[in-house]
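J.: following is a predicted model, sequence given first.
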Amino acid sequence: MAAANRWIRPEVYPLFAATGLAVGICGFQLVRNICGNPEVRVNKENRAAGILDNFDEGHKYKEHALRKYVRNRKPEIMPSLNSFFTDPQNN
């Protein structure tokens, strides 16, 4: 019980949150690659096929919805704040 009292304090909650978020992101990426990556073959029959030239499937995996969404956008986090400080005549 002494070890639990040492680690479960309000000061340690951000550490638990950051670690939990990192583990969650790693888990998401692992599942995404196992389930969706065309180069990962889990079944024995698929592994026996060797290297496949499945360019359409690889292109579909690479061009996911998030990439399509941000493709034609400017790489800004706060566009209104950036325009406020860079274009003073418009304000």
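T.: Happy to help now that I have it.
J.: how confident is the prediction for Arg47, by pLDDT?
T.: Listed pLDDT for Arg47 reads 65.
J.: now do Glu76 against Leu66, distance only.
T.: 17 Å (C-beta to C-beta, to the nearest Å). All C-beta spots, glycine's among them, are computed from the backbone N, C-alpha and C.
J.: mean pLDDT per helix and strand in this structure: which one sits at the bottom?
T.: The weakest-scoring helix or strand in the chain, judged by mean pLDDT, DSSP states H and E, is helix 44-48 (a mean of 68).
J.: what is the lengthiest helix in the chain packed up against?
T.: When the chain is parsed with DSSP state H, its longest helix is helix 13-36. The helices and strands touching helix 13-36, judged by 3 or more C-beta pairs under 8 Å, 6 or more residues apart in numbering; DSSP states H and E, number zero.
J.: could you dump that helix to PDB, C-alpha only?
T.: Taking Å, rounded to 0.1, in the frame of the first residue of the first chain, the C-alpha atoms of helix 13-36 are listed here in PDB:
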ATOM      1  CA  TYR A  13      -1.700  12.700 -12.900                       C
ATOM      2  CA  PRO A  14      -0.100  14.600 -15.800                       C
ATOM      3  CA  LEU A  15       2.600  12.000 -16.100                       C
ATOM      4  CA  PHE A  16      -0.100   9.200 -16.200                       C
ATOM      5  CA  ALA A  17      -2.000  11.200 -18.800                       C
ATOM      6  CA  ALA A  18       1.000  11.800 -21.100                       C
ATOM      7  CA  THR A  19       2.100   8.100 -20.800                       C
ATOM      8  CA  GLY A  20      -1.500   7.000 -21.500                       C
ATOM      9  CA  LEU A  21      -1.700   9.200 -24.500                       C
ATOM     10  CA  ALA A  22       1.600   7.900 -25.900                       C
ATOM     11  CA  VAL A  23       0.500   4.300 -25.300                       C
ATOM     12  CA  GLY A  24      -2.800   5.000 -27.000                       C
ATOM     13  CA  ILE A  25      -1.100   6.600 -30.100                       C
ATOM     14  CA  CYS A  26       1.300   3.600 -30.400                       C
ATOM     15  CA  GLY A  27      -1.600   1.200 -30.000                       C
ATOM     16  CA  PHE A  28      -3.600   3.000 -32.700                       C
ATOM     17  CA  GLN A  29      -0.700   3.000 -35.100                       C
ATOM     18  CA  LEU A  30       0.000  -0.700 -34.500                       C
ATOM     19  CA  VAL A  31      -3.600  -1.700 -35.200                       C
ATOM     20  CA  ARG A  32      -3.800   0.600 -38.200                       C
ATOM     21  CA  ASN A  33      -0.700  -0.900 -39.700                       C
ATOM     22  CA  ILE A  34      -1.700  -4.500 -39.000                       C
ATOM     23  CA  CYS A  35      -5.200  -4.100 -40.300                       C
ATOM     24  CA  GLY A  36      -4.800  -1.600 -43.100                       C
END
